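Engineer: Make a model of this:
(one chain, ligands or ions: 1)
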Amino acid sequence: KRPAGAPDRKLARDVSKVGVVGAGLMASQLALLFARRLEVPVVMTDIDQDRVDKGLSYVEGEIDKLRAKGRLDEGKAAKLRSLVSGTVDKTEAYAKADFVVEAVFEELSLKQRIFAELEEIVSPECILATNTSSLSVTDMAAGLKHPERVVGFHFFNPVAVMPLLEVVRGGTTDDATLATALSVGKQLKKSCVLVGDAPAFVVNRLLFRFLGEVFDAIDHGTPVAVADTALDPLGLPMRPLRLLELVGTGVTHHIAQIMHDAFPDRFGVSENLARLAESGATTLLTEDGSLDPELVAKLKTGDD
Ligand code: 3HC
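Structural biologist: Numbering: from 1, shown residues only. Alright, predicted model coming up:
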């Protein structure tokens, strides 16, 4: 089904080479998804070879897992391995790309700089997509020679299994760009929704409202374990802290701050979330799903 407000699909252009800016977890998941579904070469870049190698190892590991589960035969696995590559040389990576998606740190000036740099490398028709979760797509395109080819392409973690893709129409995005983005989204087997360019689009507004309220309860003295499990009757696929672990404490705190800056009267920033982000913890839960006592000790809560 086509999303409401979608432009004529005949405007969509073919994509035969994809670039991914960044080789972190989100970028690596995107590289694998694009190669698997579009069956075209995908090149990742990052600021140093070590990061590129880590991204490529992640992709290799995921291909091995798919192979072990019988989701790919050896021929397809080998083809997939050959489609994904990585380099630190942006010109080599992107010169022939017709769709480049960036998945770097959530900072407007960094993303603007990357797009400006990309414009010097890619053809004028190459789509520049951003996986931003909360920043303005219009601001990201401002100052470019071809702002009409910038579009939001917001995925959800884990990318391989979450069906939704928010396609964001920026203030200058043209119909050919949107049609191409929607066509790519469909080839990626995602359910696309076409959303307007407003802070955090649609899904993250709800997600950050939800996580924000859970942390507000903790800040106001609800024990962490109680806040984490009290919502079980709602049948959510993941408890709040597992979700926080998945998204990352640093990323979550950063987006919460962006939401607060955009809507100060509607979104607060929890002190305890800030403490967790500062701790740099990547794991919040022990193997049996209970909270890591060392982390709980870092929080100021009703457990005290
Ligand atoms: N990478 C690849 N595949 C994964 C995966 C990962 N990280 N995590 C799970 N999977 C796969 C599993 O391998 C399994 O595949 P299989 O059917 O082939 O064996 C399948 O997903 C189901 O996994 P499990 O059986 O282990 O676990 P669950 O049934 O609990 O499902 C889940 C896992 C789908 C992740 C489910 O817990 C869920 O829907 N959680 C909510 C996630 C969510 O809300 N994500 C959005 C975060 S917000 C965001 O990303 C936006 C950003 O801007 C902040």
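Engineer: At the contact with the ligand, which residues of the stretch 151-300 of the chain appear?
Structural biologist: 156-158, 160-162, 204, 207, 237-238, 243, 247 (Cβ under 6 Å from any ligand atom). Where you see a C-beta, it was placed from the backbone N, CA and C, and this is true even at glycine.
Engineer: Now the buried members of these.
Structural biologist: 156-157, 204, 207, 243, 247 (16 or more other Cβ atoms under 10 Å).
Engineer: Adding distance to Ser57, secondary structure and pLDDT, write those out as JSON lines.
Structural biologist: Formatted as JSON lines, these follow (distance: Cβ to Cβ, whole Å; DSSP: H, G, I helix; E, B strand; the rest coil; pLDDT from 0 to 100):
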{"residue": "Phe156", "distance to Ser57": "23", "secondary structure": "coil", "pLDDT": "97"}
{"residue": "Asn157", "distance to Ser57": "19", "secondary structure": "coil", "pLDDT": "96"}
{"residue": "Asn204", "distance to Ser57": "29", "secondary structure": "helix", "pLDDT": "94"}
{"residue": "Leu207", "distance to Ser57": "29", "secondary structure": "helix", "pLDDT": "93"}
{"residue": "Leu243", "distance to Ser57": "26", "secondary structure": "helix", "pLDDT": "94"}
{"residue": "Val247", "distance to Ser57": "22", "secondary structure": "helix", "pLDDT": "93"}
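Engineer: how about the residues of the stretch 1-150 of the chain that lie near the ligand?
Structural biologist: 69, 133.
Engineer: tell me the contacts of the closest residue to the ligand within the stretch 1-150 of the chain?
Structural biologist: Nearest to the ligand, among the residues of the stretch 1-150 of the chain, is Ser133, at 2.9 Å (Cβ to the nearest ligand atom). By Cβ atoms under 8 Å, 6 or more residues apart in numbering, Ser133 lies in contact with 106, 154, 200-201, 204, 251, 255.
Engineer: how close does the spatially closest residue to it that is not a sequence neighbour sit to Lys300?
Structural biologist: Among residues not flanking Ser133 along the chain, Asn204 sits closest, at 5.4 Å (Cβ to Cβ, 6 or more residues apart in numbering). As judged by Cβ to Cβ, to the nearest Å, Asn204 and Lys300 stand 26 Å apart.
Engineer: Helices along the protein, start to end?
Structural biologist: 25-38, 49-68, 74-83, 90-94, 108-119, 137-141, 175-187, 203-219, 224-229, 240-247, 249-262, 271-279, 293-298 (DSSP state H).
Engineer: And for the second one, what's in contact with it?
Structural biologist: Spelled out, that is helix 49-68. Taking Cβ under 8 Å, 6+ apart as the rule, helix 49-68 contacts 22-25, 27-29, 31-32, 44-46, 72, 74, 77, 80-81, 84-88, 160.
Engineer: Tell me what angle it forms with helix 74-83.
Structural biologist: 170 degrees (axes from the mean of the first three to the mean of the last three Cα atoms, to 10 degrees).
Engineer: Now Asp48: closest residue in space, sequence neighbours ignored.
Structural biologist: Per Cβ to Cβ, 6+ apart, closest to Asp48 is Val88, 6.4 Å.
Engineer: how many neighbours does the one you found have?
Structural biologist: Using other Cβ atoms under 10 Å, Val88 has 15 other residues around it.
Engineer: Which residues are in contact with it?
Structural biologist: Neighbours of Val88 in contact, by Cβ under 8 Å, 6+ apart: 45-49, 52.
Engineer: Try it again at 7 Å.
Structural biologist: 45-46, 48-49, 52 (Cβ atoms under 7 Å, 6 or more residues apart in numbering).
Engineer: What of Val202?
Structural biologist: 166, 195.
Engineer: now do Leu299
Structural biologist: 218, 224, 272, 275.
Engineer: From Asp288, how far off is the last one?
Structural biologist: In this structure, Arg275 and Asp288 are 24 Å apart, going by Cβ to Cβ.
Engineer: Between the two, tell me which one has more neighbours.
Structural biologist: When Arg275 and Asp288 are compared on other Cβ under 10 Å, the one with more neighbours turns out to be Arg275, at 16 against 5.
Engineer: do you know how far the more buried one is from Val296?
Structural biologist: Arg275 is 11 Å from Val296, by Cβ to Cβ.
Engineer: Tell me where the chain is predicted with low confidence.
Structural biologist: Within the chain, the segments meeting pLDDT under 70 span 302-304.
Engineer: Which parts of it belong to which domain?
Structural biologist: 9-196, 203-298 (automatic domain parsing).
Engineer: Please tell me how far the shortest one is from the chain's geometric centre.
Structural biologist: From the chain centre to the centre of domain 203-298 is a distance of 18 Å (Cα atoms, centre = their mean, to the nearest Å).
Engineer: Ends of it, what's the gap?
Structural biologist: End-to-end distance for domain 203-298: 30 Å, by Cα to Cα, to the nearest Å.
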